[in-house]
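1. I need the structure of the sequence given here:
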Amino acid sequence: MQTTHSPRPPISVAQQHMVELFDILAPSEGFTPSCLEGVKLMRASRPMPRRPVLYEPSIVIVCQGRKRGYLGEQTYLYDAQQYLVLSVPLPFECETEASEEEPFLGISVQVDLTVVAELLMALNETHGAAHTEPRGIYSTPLDPVMSSAVQRLLEALASPLDAKILAPGIMREICYRVLTGEQGDAIRAALTHQHHFGRIAKALRRIHADYQGDLDVDTLAREAGMSLAVFHSQFKGVTSTSPMQYVKTTRLHHARLLMVQDGLNAGAAAARVGYESASQFSREFKRLFGLSPVDEVKRMRAAFDPAPPRVVPLAPKYVTAV
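-> Residues are numbered from 1 along each chain as shown. Alright, predicted model coming up:
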């Protein structure tokens with residue numbers, strides 16, 4: 001079924017300013033690490049079809065373009081009007097709308113649970129239990145307050161000194177805005193192990209810390225303090241997949257990163273993430289990504305080949321920050 005593209009509102013002055021900052025901070029295709037740990041930028045000048053991805057707990061704000069995320073039966077839109085919040089690490093699928101004339105520009109801010117804990121203490125948290133079971137992913141309207149914070153973060157990243165002195169405080173502000181919004185219950189539960197959701201969040205962190213080890217459902221359920229049946233049910237409610245399928249998907253995503261970023265071959269990547277059989281790894285990899293490991297690595301590298309150099313007029317105040 002073909003995706004219907006709804007019309008977008010005219011670009012605002014603030015959004016145009018963020019686009020200009022992106023031209024300075026992330027002029028190349030693909031992911032660009034910023035000078036601040038936990039913040040990375042992404043540019044894509046071509047549309048990307050629906051494919052599997054793995055997101056860490058993060059806040060994803062789009063400055064231009066559009067993405068759609070798919071988790072089970074749910075669809076999540078994130079663009080210049082909607083941002084995405086993930087309170088737990090989740091494999092799902094997404095597609096990207098982008099073009100040379102209007103590239104996709106996005107910023108990802110890692111959710112630091114240590115900062116969350118400090119903020120809850122500072123707030124003298126008195127929320128109590130949430131009325132409904134939290135979710136692992138939220139798509140939320142980008143209000144002017146959050147938009148302002150994102151713009152100030154990009155401005156700070158354009159100057160090494162501002163990035164060092166000001167940017168950490170702005171990241172903390174963004175985390176605070178999310179924590180006090182509708183997504184706050186999910187992040188709070190993930191940290192404090194409230195509800196079934198919090199216990200599943202603990203299991204997900206355990207999987208990501210030891211995905212290459214021998215993980216079994218009995219151990220995960222016991223550590224979560226749940227019966228096997230309840231653990232299965234609640235795990236699927238959060239992730240839309242079974243515990244062992246989640247483990248397998250996590251391993252395959254990490255193996256793909258090892259091949260694309262570190263240059264490992266399929267056999268070495270398979271062994272690194274816990275596979276004993278290279279042939280089993282190749283079968284399961286192709287089942288998830290639709291291509292063999294070799295072909296998927298070629299596709300990923302081609303997708304993020306640097307575009308031809310673009311001449312970007314720089315405003316005088318940012319020239320020294322390049």
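2. for the stretch 101-250 of the chain, what are the low-confidence residue spans?
-> Along the stretch 101-250 of the chain, segments meeting pLDDT under 70 span 124-133, 193-194.
3. buried stuff in stretch 95-111?
-> Within stretch 95-111, the residues that count as buried by 16 or more other C-beta atoms under 10 Å are 95-98, 103-111. Glycine gets a C-beta too; all of them are placed from N, C-alpha and C.
4. and the end-to-end length of it?
-> End-to-end span of stretch 95-111 (C-alpha to C-alpha, to the nearest Å): 23 Å.
5. With stretch 72-86 instead?
-> Using C-alpha to C-alpha, one end of stretch 72-86 lies 15 Å from the other.
6. what's in contact with stretch 207-214?
-> The contact list for stretch 207-214 (C-beta atoms under 8 Å, 6 or more residues apart in numbering) reads 89, 215, 220, 243, 246, 247, 250, 251, 254, 272, 273, 274.
7. What's the end-to-end length of that stretch?
-> Stretch 207-214 has an end-to-end distance of 10 Å (C-alpha to C-alpha).
8. any idea how far that stretch is from the chain center?
-> Here stretch 207-214 shows a centroid-to-chain-centroid distance of 19 Å under the convention C-alpha atoms, centre = their mean, to the nearest Å.
9. Give me the buried positions along that stretch.
-> Quick answer for stretch 207-214 (16+ other C-beta under 10 Å): 207, 208, 211.
10. Which ones among these map onto helices?
-> 207, 208 (DSSP state H).
11. residues contacting residue 255?
-> Residues in contact with residue 255 (C-beta under 8 Å, 6+ apart) are 266, 269, 270, 272, 273, 275, 281, 285, 293.
12. change it to 7 Å
-> 269, 270, 273 (C-beta atoms under 7 Å, 6 or more residues apart in numbering).
13. Also residue 99?
-> By C-beta under 7 Å, 6+ apart, residue 99 lies in contact with residue 45.
14. 10 Å instead?
-> Residues in contact with residue 99 (C-beta atoms under 10 Å, 6 or more residues apart in numbering) are 44, 45, 46, 47, 65.
15. On the three-state scheme, residue 54 is what?
-> Here residue 54 is strand, with the state taken from DSSP: H, G, I helix; E, B strand; the rest coil.
16. Hmm, residue 257 and it touching each other?
-> Yes: if you go by C-beta atoms under 10 Å, residue 54 and residue 257 touch, sitting 8.7 Å apart.
17. For stretch 267-281, which residues meet the burial criterion?
-> 269, 270, 271, 272, 273, 274, 275, 278, 281.
18. Three-state assignment for the third one, please.
-> So that's residue 271. Under three-state DSSP, the three-state class of residue 271 is helix.
19. what's the nearest residue to it if we skip its chain neighbours?
-> Nearest residue to residue 271 in three dimensions, chain neighbours excluded: residue 278, at 7.9 Å (C-beta to C-beta, 6 or more residues apart in numbering).
20. which residues does the one you found contact?
-> For residue 278, the contacting residues are 265, 266, 267, 268, 269, 270, 271, 293, by C-beta under 10 Å, 6+ apart.
21. roughly how far apart are it and residue 285?
-> Distance, residue 278 to residue 285, using C-beta to C-beta, to the nearest Å: 10 Å.
22. again with residue 250
-> Counting by C-beta to C-beta, the gap from residue 250 to residue 285 is 13 Å.
23. Mind splitting this protein into its structural domains?
-> Domain assignment for the chain, taken from automatic domain parsing, gives 14-189, 193-303.
24. on that earlier part again, now render the contacts of stretch 207-214 as JSON lines, adding secondary structure.
-> What follows is those, written out as JSON lines (three-state DSSP):
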{"residue": "89", "secondary structure": "coil"}
{"residue": "215", "secondary structure": "coil"}
{"residue": "220", "secondary structure": "helix"}
{"residue": "243", "secondary structure": "helix"}
{"residue": "246", "secondary structure": "helix"}
{"residue": "247", "secondary structure": "helix"}
{"residue": "250", "secondary structure": "helix"}
{"residue": "251", "secondary structure": "helix"}
{"residue": "254", "secondary structure": "helix"}
{"residue": "272", "secondary structure": "helix"}
{"residue": "273", "secondary structure": "coil"}
{"residue": "274", "secondary structure": "coil"}
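25. All set, thanks.
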